[in-house]
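Peer 1: got a predicted model here, sequence first, then my questions.
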Amino acid sequence: MKGIIFTEFISIVEEQFGLEISQKMFDHANDTGVYTAVGSYDHRQLIKLIMSLSHITNIPAQQLQQTYGRLVFPTLLKTLPVPDIESDDTFSFIEKVEHHIHIEVKKLHPDVTPPKFVFSNKTQSTMTMDYHSARCMGHVCMDVLEGCANYFNQSLTIAMQPMNTSQSHVRFSLTLNGD
């Protein structure tokens, strides 16, 4: 997993909870906390940090993942390898992530395996999207989708359905809410 995911997580923890809680999280996880945005790291270390933060704050790990997903979207948007990619709405942007951005990410970083999105049943106001990832971070994905909708000033209702017990395959049913 690219280091920017880690560095942004750490920044969000520091902003939301403060440096003391951040240090407690690292201590509890037995982690040095040394990450660079351009490095590559094992995704299990991020999960360990989330679980440690959950233990310290008594906030469910699922809720922490969702908050992170929503807050990290603007930063991820700024780091896209395709800076001129234009979209007018949430659905077209999500499709471009799979059909353009993930392809460019793999060209730039051959060792990276971004999640795969498979789209079906798309209308102007609804979309079904299957998320496939060995990292099993569907809750993060769900709120990255929410962050995307917020960016486009759209309201989105998201239903998340795990398709297997590991949650490496999750189906999202997305509905744009009327203005």
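Peer 2: Good, I have the coordinates. Residues are numbered from 1 along each chain as shown.
Peer 1: go through the protein and flag its longest helix.
Peer 2: The single longest helix within the chain, with elements called by DSSP state H, is helix 61-78.
Peer 1: for that helix, packing partners?
Peer 2: Contact here means 3 or more CB pairs under 8 Å, 6 or more residues apart in numbering; DSSP states H and E; on that basis helix 61-78 packs against helix 3-17, helix 43-57, helix 138-151. Glycine gets a C-beta too; all of them are placed from N, C-alpha and C.
Peer 1: what's the spacing between it and its chain's center?
Peer 2: With CA atoms, centre = their mean, to the nearest Å as the basis, helix 61-78 stands 6 Å off its chain's centre.
Peer 1: what's the helix or strand just after that helix in contact with?
Peer 2: Proceeding N to C from helix 61-78, the next assigned helix or strand is helix 90-96, under DSSP states H and E. With contact meaning CB atoms under 8 Å, 6 or more residues apart in numbering, helix 90-96 is reached by 85, 87, 117, 119, 122, 127, 129, 145, 148-149, 152, 154, 156, 174, 176.
Peer 1: could you check the longest helix of the chain and say which residues are buried?
Peer 2: Buried residues in helix 61-78, counted by 16 or more other CB atoms under 10 Å: Leu64, Gln65, Gln66, Thr67, Tyr68, Gly69, Arg70, Leu71, Val72, Phe73, Thr75, Leu76.
Peer 1: show me how the protein divides into domains.
Peer 2: As assigned by automatic domain parsing, the chain contains the domains 3-59, 89-177.
Peer 1: reformat these as a markdown table; add mean pLDDT and mean neighbour count.
Peer 2: What follows is the domains of the chain, written out as a markdown table (pLDDT from 0 to 100; neighbours: other CB atoms under 10 Å):
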| stretch | mean pLDDT | mean neighbour count |
| --- | --- | --- |
| domain 3-59 | 92 | 16 |
| domain 89-177 | 85 | 16 |
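Peer 1: for the host helix or strand of Gln161, packing partners?
Peer 2: Assigned by DSSP H and E, Gln161 belongs to strand 155-162. When contacts are defined as 3+ CB pairs under 8 Å, 6+ apart, strand 155-162 sits against helix 138-151, strand 169-177.
Peer 1: can you dump the C-alpha atoms of it in PDB for me?
Peer 2: Listed next in PDB are the C-alpha coordinates belonging to strand 155-162 (Å, rounded to 0.1, in the frame of the first residue of the first chain):
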ATOM      1  CA  SER A 155     -25.900  13.700  -1.600                       C
ATOM      2  CA  LEU A 156     -25.400   9.900  -1.800                       C
ATOM      3  CA  THR A 157     -27.100   7.000   0.000                       C
ATOM      4  CA  ILE A 158     -24.800   4.000   0.100                       C
ATOM      5  CA  ALA A 159     -25.800   0.500   1.000                       C
ATOM      6  CA  MET A 160     -22.900  -1.900   1.600                       C
ATOM      7  CA  GLN A 161     -23.200  -5.600   1.300                       C
ATOM      8  CA  PRO A 162     -20.300  -7.900   2.000                       C
END
